[in-house]
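[1] Pasting the sequence and the predicted coordinates here, then a few questions.
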Amino acid sequence: MNGRLLITCHDRHGIVAAVAGFLADSGANIISSDQHSTDPEGGEFFMRMEFNLDQGDLSSLGRAFQQEVAERFDMRWRLADGGAPKRMAVLVSKEDHCLVDLLWRHRRGELDATIPLVASNHPDWANDVAGFGIAYHHVPFPNEPELIELLKGTCDLVVLARYMRILSGDFLAQLGVPIINIHHSFLPAFAGANPYQRAYERGVKIIGATAHYVTEELDAGPIIEQDVARVSHREHSETMVRLGRDIERTVLARAVKAHLDDRVLVYGNRTVVF
Ligand SMILES: Nc1nc2c(c(=O)[nH]1)N[C@@H](CN(C=O)c1ccc(C(=O)N[C@@H](CCC(=O)O)C(=O)O)cc1)CN2
């Protein structure tokens, strides 16, 4: 069995030793360990330990960890089962490049997930998605009750692959699982609609893409991954859109893979990505 232990707490002496000692005493073999401190003199401490466990179960291990270690260090933590692929639903609108890229990477085995469904406020991509053997649901806007019906209880993660409708706070609360969005700008610049057109009008020399967790505030959630590309005065917004597609696809795939691998810790409106 493979487990991933992710921990956040105030930094102090002895944390790594206590966690590693607990896992070793529990019969776990630690296969990777990474940590980060915002300030060794008493900042926030983040750690990810991946381990293999031949006997026992993660639930029992978690209960023992809470009693023997977490309470002592006032840790916030979670234990993920590396052997249980996450169920990842994908939402899309009119742009298919991020959707098809995710489906292609999944078919190649790059993404450790199952994909129960793709849903869209447009019918355009039904045949493409069917070609990957995945259910496609056309749910015309306004569509939040229908999306909740489709998604609640059927997925552990929702990916907005250029899904272009703003989700309400009620929707986010009802759904109750993480949502990752790809925004087609180098946030915080050009949040909201039509970022490439606005970037062109501003005369930018850099365009980019940002993958972030979705919050009620538009394009303001914790950033997971970003990348950029240079542009010159010769680019129009149409060529920025074309150049941007490659950035968006790559950034979203990196962010989704980090989440699926349990390498992302969120604190406040920031992330640590191990
Ligand atoms: N609650 C949230 N919902 C969504 C987020 C988010 O961060 N929080 N990200 C967007 C994706 N997005 C940019 O990446 C985005 C989507 C839609 C709009 C927008 O202005 N939409 C208009 C209508 C657009 C249209 O259909 O023509 C609107 O919904 O009123 C801006 C940015 C996904 N949802």
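    Looks like it arrived, so ask away.
[2] Contact residues of this protein facing the ligand?
    Within reach of the ligand by Cβ under 6 Å from any ligand atom, the chain has these residues: 160, 163-167, 181, 183, 192-193, 214, 216, 218-219, 221. Quick note: C-beta positions are derived from backbone N, CA and C, even for glycine.
[3] looking at it, Pro85 is touching Asp112, isn't it?
    Yes - checked against Cβ atoms under 8 Å, the pair Pro85 and Asp112 is within contact range at 5.1 Å.
[4] For the two, list the residues in contact with both.
    The contact sets of Pro85 and Asp112 overlap at Leu260 (Cβ atoms under 8 Å, 6 or more residues apart in numbering).
[5] The helix or strand harbouring Val19: how far from the chain's middle?
    According to DSSP states H and E, Val19 maps onto helix 15-25. The chain centroid and the centroid of helix 15-25 are separated by 28 Å under Cα atoms, centre = their mean, to the nearest Å.
[6] Give the other helices and strands that it contacts.
    The helices and strands touching helix 15-25, judged by 3 or more Cβ pairs under 8 Å, 6 or more residues apart in numbering; DSSP states H and E, are strand 2-10, strand 28-37, strand 44-53, helix 71-73.
[7] Next SSE downstream of the last one?
    Looking back up the chat, that one is helix 71-73. Next along the chain after helix 71-73, taking DSSP H and E as the criterion, comes strand 76-81.
[8] That following strand versus strand 44-53: what angle between them?
    30 degrees (axes from the mean of the first three to the mean of the last three Cα atoms, to 10 degrees).
[9] Start the count at 30 instead of 1 going forward.
    Done: numbering now begins at 30, and the last item shifts to strand 105-110.
[10] Strand 105-110 - contacts with which helices or strands?
    Of the remaining helices and strands, those touching strand 105-110 by 3+ Cβ pairs under 8 Å, 6+ apart are strand 31-39, helix 87-94.
[11] Can I get the helices and strands packed on helix 44-54 in a markdown table including mean neighbour count?
    Output for the helices and strands packed on helix 44-54, formatted as a markdown table (neighbours: other Cβ atoms under 10 Å):
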| stretch | mean neighbour count |
| --- | --- |
| strand 31-39 | 19 |
| strand 57-66 | 14 |
| strand 73-82 | 20 |
| helix 100-102 | 13 |
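[12] As TSV, the helices and strands packed on strand 105-110 with distance to Glu267 would be great.
    Formatted as TSV, the helices and strands packed on strand 105-110 follow (distance: least, Cβ to Cβ, whole Å):
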stretch	distance to Glu267
strand 31-39	42
helix 87-94	50
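[13] so which of these comes closest to Cys127?
    When the helices and strands packed on strand 105-110 are compared by Cβ to Cβ, strand 31-39 sits nearest Cys127, at 25.9 Å.
[14] quick revisit: any chance of the helices and strands packed on strand 105-110 in a markdown table, with mean pLDDT too?
    Output for the helices and strands packed on strand 105-110, formatted as a markdown table (pLDDT from 0 to 100):
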| stretch | mean pLDDT |
| --- | --- |
| strand 31-39 | 98 |
| helix 87-94 | 97 |
